[in-house]
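In: could you work out the structure for the sequence below:
(2 chains)
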Amino acid sequence: MELKINNLVDCAGQNCPMPLVHTREAIMKAKKGEVIKVTGNHPPSFEEIPMALEAMGIKIEEKGMLNSLDWYIIFRV
Amino acid sequence: MSQENKKATIIVHSGDFDKIMSAFIIGNGFLAMAVPVTVFFTFWGLKALTRRGFRKAPLSRMNFFGLGRWMINLKMKKYNIAQLGELARSFRRLGGKIIACSMTMQLMGIREKDLDPELVSDYGTVGKYCYEAKDSNITLFI
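Out: Residues are numbered from 1 along each chain as shown, chains lettered A, B, ... in the order given. The predicted model follows:
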């Protein structure tokens, strides 16, 4: 089933710590149950955004690489 | 991981650009994980909180009268690394608190009107720091 994305956070080109900051900002603004998709190409963030989500008890619906550089993470708040 | 009783407190004693940058990056990192953060600025750190203070803050090493700082700025642009002002603003947007030490403000000759009101959320002395720090499981001195 295709997930309906409520908010897309594009972190392409951003460096530490901004992808984490923008992910958190989107979570703070989101209503319960909304789905957020974060995209970017900063390699450590692909590992560290899931760590932050785990710390907040948020489950990842889907994540992966679009090519060797660009990644995406989808989760429900 | 439970978020209950988790809290971070950071003291910024240094006025060095690179050290303040570390403090704000770590602060943003904790806030991104929903861990509340309070940063206390004291001594040389207060200088950085004044208007244009971030621009004037020197590097802790190899500053070379501002040349080192200029080179770091070029590198930061090249790698798209957020400037100190941007880090501080996102820190505040994510709910981070900045407390300026009023005792050292007197000592350093810095008045409330000298400090950037968009950055400072409160003023206080050691009591306010200790009150916050006693419940913090993470505390850093920078």
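In: flag every residue of chain B that's near chain A.
Out: For chain B, the contact set with chain A under Cβ under 8 Å from any Cβ of the partner chain comprises B:1, B:3, B:25, B:28-29, B:31-35, B:79-82, B:87, B:90, B:93-95. C-beta here means a position set from N, CA and C on the backbone, and glycine is covered the same way.
In: now, the residues you listed that are in helices?
Out: Among those, the ones falling in helices (DSSP state H) are B:I25, B:N28, B:G29, B:L31, B:A32, B:L87, B:S90, B:R93.
In: out of those, which are buried?
Out: B:I25, B:N28, B:G29, B:L31, B:A32, B:L87, B:S90 (16 or more other Cβ atoms under 10 Å in any protein chain shown).
In: how about those residues in TSV, adding distance to B:R51?
Out: Below are those laid out as TSV (distance: Cβ to Cβ, whole Å):
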residue	distance to B:R51
B:I25	22
B:N28	22
B:G29	27
B:L31	24
B:A32	27
B:L87	17
B:S90	19
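In: and of those, the nearest to B:T125?
Out: Distance to B:T125 across those (Cβ to Cβ) is lowest for B:L31, with 24.5 Å.
In: picking that back up, with respect to B:I138, which of the ones in helices among the residues of chain B next to chain A is nearest?
Out: Within those, proximity to B:I138 (Cβ to Cβ) peaks at B:G29, which comes in at 10.8 Å.
In: so that closest one makes contact with A:T23?
Out: No. Counting by Cβ atoms under 8 Å, B:G29 does not reach A:T23; the two are 11.5 Å apart.
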